[in-house]
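>>> Turn this into a structure:
(one chain, ligands or ions: 1)
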Amino acid sequence: MSNAIDVEDTVDAPHSGMIPVFNPSTEEQIAEVPDSDQAAVDAAVARARDTFESGAWRKLPAARRAEVLFRAADIIRARSDELAELESRNNGMTAMGAQQIIKVANEMLIYYAGWVGKIHGESAPLVSDGLLGHYETFHTYTQLEPVGVVGLIIPWNGPFFVAMLKVAPALAAGCSVVLKPAEETPLTALKLEEIFREAGVPDGVVNVLTGYGETTGAALTAHPDVDKIAFTGSTEVGRLIVKAAAGNLKRLTLELGGKSPLIMFDDANLDKAIMGAGMGLLAGSGQNCSCTSRIYVQRGIYDQVVDGLVAFAQMLPMGGNDDPNSVLGPLISEKQRTRVAGIVADGVAGGAQVVTGGQPMDRRGYFYEATIITDTTPDMRLIREEIFGPVGCIIPFDDEDEAIAAANDTEYGLAGAIWTENLSRAHRVVNELRGGQIWVNSALAADPSMPICGHKQSGWGGERGKKGLEAYFNVKSVYIGL
Ligand code: ADP
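Numbers count the residues shown, from 1 in each chain. So this is what the prediction gives:
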């Protein structure tokens, strides 16, 4: 093991083995973390339950809780270089991408810290004169109460950010959490426990538990003392979580897969549109659930856009996490690279044309070339499955209706993009696309204030914005007879 990372403070937890952690840029093992077993899950949930019931966090005055969360944001800002370095070493993302991830994660925390004390119940005049009871009239109000002990299960892409997307609103609401990072990328999530402790969150409110999904994740999801699961990951695992949560009817927030379309009309600003389509496809090497990997292009500009995207893909510098010029990093693992190659091979066998890329890189690290494909058919895995790699398909269309129908021909509904200079057309197509987040003349924009709520099989509920905070509360209605 080289460049070993200290995880000593986690190895005392009960566990049945260790999980090796790799740097995807070099294939070297950089750490090992506990494979938490049922006893470890029980212990973490019990700690979270005790602190929740004690009220040590949820009953703190709002100003004190906000203060603690803002302090955590200060600590993260002060440690951002170290966190970014760790994130890029563990995930393979570029140094620039990792800096950005830590920054936007902190903005998420600051956003939710600002909500503490500003979201509450309401009182309204009675509507009915037929209320049952021994009283003539009532004073009524609602109050919002933290949902309880929440299990947070996150994937390997953007690990620190996705963790914060859940931890920040959960803590702002007053919940206690057990966070299970992906087995591939546990290292920055482990830092969250110590950061929140240092900021003043009482011990036991934030618990980070490393382990595999089928064991540790499944045990957390099925645990009778967990009130809610917030999950980001594949639609397939989302279905398993729905089943496992049925035991005690846990509340669920699910942010699942996507196969997002981009529609480029012939009146688009082509320079910007090609660049936007390239970034929408290749940012994070395509390992982004909102990546726009089905690129529908109006026939008159088709050849020009294919050439432009090929040039864009070939121009992007590829490199490991320690290469400051790198824009395209490796995939997360050999398993993922094999899966990507398999989907491309299936398409090629069916007649698809690889215009550029289409091969693993001949170098250390799990690199796969930026790949542009044409001549697909709608039934191909290339068009139907979330790839999570730098692979995009360009498909020609003739008119708006055809583009909308093709874009919506998917079981997913996470995101979508439209490139046009025609304002009326932009609004018409926004109205027709079935997705939780639509970009017009932009790529991958995201803001803490804007919720993302997957449509169709892309999820249940939403994250970010006020909606993302409400998901961590139960509503209680109170009637006081006067
Ligand atoms: P990805 O394809 O992005 O890795 P997954 O859905 O496979 O997404 O994994 C996302 C997270 O879900 C990871 O933390 C993983 O360990 C966890 N996970 C996988 N299987 C299960 C399961 N059966 N129950 C709970 N969590 C799981």
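>>> what separates A40 from G117, distance-wise?
34 Å (Cβ to Cβ, to the nearest Å). Quick note: C-beta positions are derived from backbone N, CA and C, even for glycine.
>>> between the two, which one's more packed in?
Counted by other Cβ atoms under 10 Å, A40 and G117 do not tie: A40 has more neighbours, with 21 against 13.
>>> Tell me where the stretch 301-450 of the chain has strands.
In the stretch 301-450 of the chain, the strands defined using DSSP state E, counting those that start in this stretch lie at 353-356, 371-374, 391-397, 412-413, 415-419, 437-440.
>>> Pick the most buried one from those strands.
strand 415-419 (a mean of 29; mean count of other Cβ atoms under 10 Å).
>>> now stretch 225-236: mean pLDDT?
Averaged across stretch 225-236, pLDDT comes to 97.
>>> Could you check that stretch against the ligand for contacts?
Yes. Using Cβ under 6 Å from any ligand atom, stretch 225-236 comes into contact with the ligand via 233-234.
>>> Show the end-to-end separation of that stretch, please.
24 Å (Cα to Cα, to the nearest Å).
>>> Verify the stated contact: P34 with V208.
No. Using Cβ atoms under 8 Å, P34 is not in contact with V208, being 10.5 Å away.
>>> for the ligand, what are the nearby residues on the protein?
Residues of the chain lying near the ligand (Cβ under 6 Å from any ligand atom): 153-156, 180, 182-183, 212-214, 217-218, 221, 233-234, 237, 240-241.
>>> quick one: which of those residues sit in helices?
The helices, defined by DSSP state H, take in 218, 221, 237, 240-241 from those.
>>> Can you pull up the most central residue in the protein?
V162 (4.8 Å; Cα atoms, centre = their mean).
>>> of P34 and V208, who's got more company?
V208 (25 against 22).
>>> In the stretch 101-250 of the chain, where is pLDDT below threshold?
The model of the stretch 101-250 of the chain has pLDDT under 70 over residues 131-132.
>>> can you map out the helices along it?
159-173, 187-199, 218-222, 235-244 (DSSP state H, counting those that start in this stretch).
>>> most tightly surrounded among these?
Greatest burial across those, using mean count of other Cβ under 10 Å, falls to helix 159-173, with a mean of 27.
>>> tell me which strands and helices it is in contact with?
helix 62-78, helix 80-91, helix 95-115, strand 149-153, strand 176-180, helix 187-199, strand 228-232, helix 465-470 (3 or more Cβ pairs under 8 Å, 6 or more residues apart in numbering; DSSP states H and E).
>>> so how far is it off the chain centroid?
11 Å (Cα atoms, centre = their mean, to the nearest Å).
>>> Check stretch 429-444 too.
That offset, for stretch 429-444, works out to 18 Å (Cα atoms, centre = their mean).
>>> And stretch 222-235, by the same measure?
15 Å.
>>> Could you check that stretch and say which residues are buried?
222-223, 226-235 (16 or more other Cβ atoms under 10 Å).
>>> what residues are up against A182?
For A182, the contact set (Cβ atoms under 8 Å, 6 or more residues apart in numbering) comprises 154-156, 159, 213.
>>> can you do 10 Å?
90-91, 153-157, 159, 162-163, 189, 210, 212-213, 217, 232-233, 332 (Cβ atoms under 10 Å, 6 or more residues apart in numbering).
>>> Likewise for I373?
Per Cβ under 10 Å, 6+ apart, neighbours of I373: 293, 295, 344, 347-348, 352-358, 380, 382-383, 391-395.
>>> Kindly report the same for Y141.
With the criterion set at Cβ under 10 Å, 6+ apart, Y141 makes contact with 120-124, 476-480.
>>> How about R77?
83, 102-103, 106, 109-110.
>>> Let's see that with 8 Å instead.
With Cβ under 8 Å, 6+ apart, R77 has these contacts: N106.
>>> got a pLDDT number for it?
98.
>>> Quick check: it vs I101, distance?
From R77 to I101 the distance is 14 Å (Cβ to Cβ).
>>> What is the burial count for T377?
The burial count for T377: 12, using other Cβ under 10 Å.
>>> now swap in the one 5 residues further on and tell me
L382 has 25 neighbouring residues, counting by other Cβ under 10 Å.
>>> picking up where we left off before, closest to the ligand among the contacts of Y141?
K476 (29.7 Å; Cβ to the nearest ligand atom).
>>> Check the closest one and give its pLDDT.
98.
>>> tell me the contacts of it?
Per Cβ under 8 Å, 6+ apart, neighbours of K476: 121, 142-145.
>>> for R251, same thing?
R251 touches 147, 227-229, 471, counting by Cβ under 8 Å, 6+ apart.
>>> what bridges to it?
On the basis of DSSP bridges, R251 is bridged to K228.
>>> what bits of the stretch 351-482 of the chain have low per-residue confidence?
Using pLDDT under 70, nothing in the stretch 351-482 of the chain is flagged.
>>> Could I get the full set of helices for it?
381-384, 400-408, 423-432, 465-470.
>>> Quick check: buried residues in the shortest one?
Within helix 381-384, the residues scored as buried using 16+ other Cβ under 10 Å are 381-383.
>>> Format those residues as TSV; extra columns: distance to N325.
Formatted as TSV, the buried residues of helix 381-384 follow (distance: Cβ to Cβ, whole Å):
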residue	distance to N325
R381	33
L382	30
I383	33
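>>> wait, which of the residues you listed is closest to the ligand?
Using Cβ to the nearest ligand atom, these come closest to the ligand at R381, 15.2 Å.
>>> For the closest one, which residues are in contact?
343, 346-347 are the contacts of R381 under Cβ under 8 Å, 6+ apart.
>>> Next, find the distance separating it from A341.
Taking Cβ to Cβ, one finds R381 at 12 Å from A341.
>>> what do you get for P451?
For P451, the distance to A341 - Cβ to Cβ - is 35 Å.
>>> go on, F161?
27 Å.
>>> Now G133: closest residue in space, sequence neighbours ignored.
Once flanking residues are discounted, G133 sits nearest to G481: 5.7 Å by Cβ to Cβ, 6 or more residues apart in numbering.
>>> Who does that neighbour form a beta bridge with?
Applying DSSP bridges, one finds that G481 bridges with F138.
>>> on that earlier part again, quick one: contacts for the residue nearest to the residue nearest to the centre of the chain when sequence neighbours are not counted?
In space, and not counting its chain neighbours, V162 is closest to I154: 4.5 Å by Cβ to Cβ, 6+ apart. Neighbour list for I154: 162-163, 166, 179-182, 189, 231-233 [criterion: Cβ under 8 Å, 6+ apart].
>>> of these, closest to R337?
Of all the contacts of I154, A182 has the smallest distance to R337: 16.4 Å, by Cβ to Cβ.
>>> I'd say Q287 and I332 touch.
Yes. Taking Cβ under 8 Å as the definition, Q287 is a contact partner of I332 at 6.5 Å.
>>> Report how many residues lie close to the residue nearest to G133.
11.
>>> any idea how far stretch 408-428 is from the chain center?
21 Å.
>>> An error on my part: the question was meant for stretch 56-69.
26 Å.
>>> ok so, going back, among the contacts of Y141, name the ones in strands.
Among the contacts of Y141, the members found in strands (DSSP state E) are 476-480.
>>> Can you name the residue of the stretch 351-482 of the chain nearest the ligand?
F388 (6.6 Å).
>>> which residue sits closest to that residue, ignoring its sequence neighbours?
Q287 (5.0 Å).
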